[in-house]
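K.L.:
here is a sequence with its predicted model. Questions after.
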Protein chains: 2
Amino acid sequence: MPRNARRTTLADIAQAAGVSVATVSKVVNDRGDVAPRTRARVQELLHQHHYLAPVFRHTESVEGPTIEVQFKGGLKSYVAETLEGIIDSAAESGASVVISRASRAPHWARDLVSAGRRAVIAITSVYTTTHLNELARAGLPLVVLDPLHLPDNRVNSVGATNFAGGLAATQHLLSLGHRRIAYLGGPTMAVCNQARMHGYRAAMEAQGAPVRDAYVRPGEFTYETGLLGAVALLDLEEPPTAIFAGNDEIALGAMEAARTRGLRIPEDLSVVGFDDTSLAQMASPPLTTVRQPLREMGGAALRTALRLANGEKVESHHIELATELVVRASTAPPRGATSAHR
Amino acid sequence: MPRNARRTTLADIAQAAGVSVATVSKVVNDRGDVAPRTRARVQELLHQHHYLAPVFRHTESVEGPTIEVQFKGGLKSYVAETLEGIIDSAAESGASVVISRASRAPHWARDLVSAGRRAVIAITSVYTTTHLNELARAGLPLVVLDPLHLPDNRVNSVGATNFAGGLAATQHLLSLGHRRIAYLGGPTMAVCNQARMHGYRAAMEAQGAPVRDAYVRPGEFTYETGLLGAVALLDLEEPPTAIFAGNDEIALGAMEAARTRGLRIPEDLSVVGFDDTSLAQMASPPLTTVRQPLREMGGAALRTALRLANGEKVESHHIELATELVVRASTAPPRGATSAHR
DNA sequence: CTGAAAGCGCTTACAG
DNA sequence: CTGAAAGCGCTTACAG
């Protein structure tokens, strides 16, 4: 709002609506005794004039809008790095970031609105139709980061080019001369996992490399999935010479499985991760991985959230940022092979 | 505040102070034309009666107090895990957590107060006397996590038993039969680093093991410090057989340095970390480390912050939680030695 | 430096 | 279902 513009008062709205201040007050406070049509007209005007109840004025004027970031499960590197992007973008825009675990108490969306939040950003959260309805009723915009579900056009989301990333990771291994490449992935239901896996399949098929059923194992995006999955893969009669992991944590689990078998990385087994969290740089050997621009994704989510909070329209309900293969020391040609290309 | 108790009004304060409502209003709004003594008396009463200006009421009533958590540098595992503890404790208490990078704009403390924050928790932040004065003037309580400076009794802080942790880590290595043990630490100025280092020295001296100057290297709490420091140590004429690292990141850097030299862990070199972040569990081999109860420390900091925000006194201005050695696979007896004790 | 008085924005009990 | 009127909590221009 312009610096000198007087703030909209109930009297302004009353005048515009041709009703008394008392009636407008009742609408604002959700009292029952207002005719539906009057209520609707007044609500429309309140919205048009950006009326803000006194209790909310403080938040708005002093600190700019507040955005709620919700995550589910642990505050892992993936979440932390995305959050860092959100925080830095918010600082640039003068917005505040409240962080909490996703909760599904009754009326949670309405509670967030009354607590002054202007939008929600969800990292690693699941949203059902019920939740979306609750948000819509509360008038609270939602931006989902790396959605687990298929983009619904009622939801705004920010992701990365997972298919292209899966393709690049697998092509890298193929170009090193690997043919027996396994995919150790996340949940079958997660679209990001599906896209990575199909990128892997596409690369394999393009090269005429067979994808055996036993080489594709879904799981969770966790270290345990990597550890157990890799043990199972290495137990196969014809074990893979390379593993493409659905994320960095899975890759680290796979590396540890190899180590306990006395296999060296990358000499005996190549491993590629996904995300390029700080875990990848600090692994030993440093992990070849597909970089997701997590900070940029966080920044994009924050800016989208602010625009929606402002009532602006957004060009597209889904934005996808580019992934990039980062080659480090966990990949090499397979034992005894001479590198196919380079 | 009790559910039925009427909220304190300016009239209540005016009556208690024996002045007019107008005068109290002036004090609340920091206008100049009030006698210093009158102002002081009124301020005292406002505080005693927990008077809240209308603009702040919303925050308080709907969502409970808001605590600002500030960090400096990256949102690393150490910070993320502590933050997780803060978030979960806040959820239990009905408090909200705003997260931001430490900023030192003029009047930052006053701005935080006007933005409705009731306390600040600082992770990995440096506070000078100037900052403390600014906080004091704004009436904003501060809790520092794992303070870099010596506990000042104007500051409330939460830490861990760093000396005992350094002692336990070193004793573990000594008991495996190591004598040539190096300490690869963080900043010389950081008290937590000093305590860990003196724990190391104490254990060495108790065992009659010499501490060579070249074996004690300060640095930053980063992977690079570990990588470069370990390279330098391994280049010594008599390299150490074990490295005690000031935190997990340094330990991972040291592990990578060993790997690039063709040394195996723990056969050729033992490494112990500090913190027990998720990095330690996911390292390959999994890292023996000194656990700091980061989530519990975060919880303790949040609860202290809430009590201070409430105007309650706190028993001690510094709380220290216990560390614990977690033995994993990165430590073993030195090459060719038979384990001294067990 | 203080406070009586006017006034602002809002809410609510009540008459119609 | 509506609004005139009383009232609440607060602020401010101004007289003393």
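P.N.:
Happy to help now that I have it. Numbers count the residues shown, from 1 in each chain, chains lettered A, B, ... in the order given.

K.L.:
residue A:50: neighbouring residues, count only.
P.N.:
12 (other C-beta atoms under 10 Å in any protein chain shown). Yep, even glycine has a C-beta here, placed from its N, CA and C like the rest.

K.L.:
looking at chain A, which helix or strand is least sure?
P.N.:
helix A:54-63 (a mean of 62; mean pLDDT, DSSP states H and E).

K.L.:
the helix or strand just after that one - what's its average pLDDT?
P.N.:
Moving toward the C-terminus from helix A:54-63, the next helix or strand (DSSP states H and E) is strand A:66-71. For strand A:66-71, mean pLDDT is 95.

K.L.:
strand partners of strand A:66-71, parallel vs antiparallel please.
P.N.:
Strand A:66-71 has the following sheet partners, assigned by DSSP bridges: strand A:96-101 (parallel), strand A:117-123 (parallel).

K.L.:
could you dump these to CSV with mean pLDDT, mean neighbour count and distance to residue A:139?
P.N.:
Shown next, in CSV, are the strands paired with strand A:66-71 (pLDDT from 0 to 100; neighbours: other C-beta atoms under 10 Å in any protein chain shown; distance: least, C-beta to C-beta, whole Å):
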stretch, mean pLDDT, mean neighbour count, distance to residue A:139
strand A:96-101, 96, 22, 18
strand A:117-123, 93, 26, 10
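
K.L.:
select, out of these, the one closest to residue B:131.
P.N.:
strand A:96-101 (20.2 Å; C-beta to C-beta).

K.L.:
who does the residue nearest the centre of chain A bridge with?
P.N.:
Chain A has residue A:145 as the residue nearest its centroid, 2.1 Å off, counting by C-alpha atoms, centre = their mean. Bridge pairing for residue A:145 (DSSP bridges) gives the partners residue A:123, residue A:158.

K.L.:
quick check: it touching residue A:123?
P.N.:
Yes: when contacts are counted by C-beta atoms under 8 Å, residue A:145 is listed as touching residue A:123 (4.7 Å).

K.L.:
find the residues that touch each one of those two.
P.N.:
Residues touching both residue A:145 and residue A:123 by C-beta atoms under 8 Å, 6 or more residues apart in numbering or on different chains: residue A:82.

K.L.:
returning to that earlier point: need the strands paired with strand A:66-71 in CSV with distance to residue A:12, can you?
P.N.:
Listed next are those as CSV, based on distance: least, C-beta to C-beta, whole Å:
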stretch, distance to residue A:12
strand A:96-101, 28
strand A:117-123, 22
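
K.L.:
looking at those strands, which is closest to residue B:130?
P.N.:
Nearest of these (C-beta to C-beta): strand A:96-101, 24.1 Å.

K.L.:
any idea how far residue B:53 is from residue A:6?
P.N.:
Using C-beta to C-beta, to the nearest Å, we find residue A:6 at a distance of 21 Å from residue B:53.

K.L.:
out of these two, which sits in the more crowded spot?
P.N.:
residue B:53 (13 against 8).

K.L.:
pretty sure residue A:47 sits in a helix.
P.N.:
Yes: counting by DSSP: H, G, I helix; E, B strand; the rest coil, one finds residue A:47 located in a helix.

K.L.:
what about it, how many neighbours?
P.N.:
Neighbour number of residue A:47 under other C-beta under 10 Å is 11.

K.L.:
residue A:154 too?
P.N.:
13.

K.L.:
check residue A:322 too.
P.N.:
Around residue A:322 there are 12 residues (other C-beta under 10 Å).

K.L.:
name the nearest residue to it, sequence neighbours excluded.
P.N.:
Once flanking residues are discounted, residue A:322 sits nearest to residue A:161: 5.5 Å by C-beta to C-beta, 6 or more residues apart in numbering or on different chains.

K.L.:
so who does that neighbour touch?
P.N.:
Residue A:161 touches A:320, A:321, A:322, A:323, counting by C-beta under 8 Å, 6+ apart.

K.L.:
name the nearest of the residues you listed relative to residue A:92.
P.N.:
Nearest to residue A:92 out of those is residue A:321 (C-beta to C-beta; 17.9 Å).

K.L.:
pretty sure that closest one sits against residue A:291.
P.N.:
No: Residue A:321 is beyond contact range of residue A:291, at 10.3 Å (criterion: C-beta under 8 Å).

K.L.:
for the residue lying closest to residue A:153 once chain neighbours are set aside, grab phi and psi.
P.N.:
Of all residues beyond its chain neighbours, the one nearest residue A:153 is residue A:317 (5.1 Å), with distances taken as C-beta to C-beta, 6+ apart. The phi/psi pair for residue A:317 (degrees, to the nearest 10) reads phi -80, psi 0.

K.L.:
how close does residue A:317 sit to DNA strand C?
P.N.:
According to C-beta to the nearest atom of the strand, to the nearest Å, residue A:317 and DNA strand C sit 34 Å apart.

K.L.:
how many residues are close by that residue?
P.N.:
Residue A:317: 14 neighbours (other C-beta under 10 Å).

K.L.:
what residues are up against it?
P.N.:
Contacts of residue A:317 by C-beta under 8 Å, 6+ apart are A:151, A:153, A:155, A:156, A:157.

K.L.:
ok, so what distance separates it from chain B?
P.N.:
Distance, residue A:317 to chain B, by C-beta to the nearest C-beta, to the nearest Å: 27 Å.

K.L.:
residue A:184 reaches residue A:248, doesn't it?
P.N.:
No: counting by C-beta under 8 Å, residue A:184 does not reach residue A:248; the two are 11.8 Å apart.
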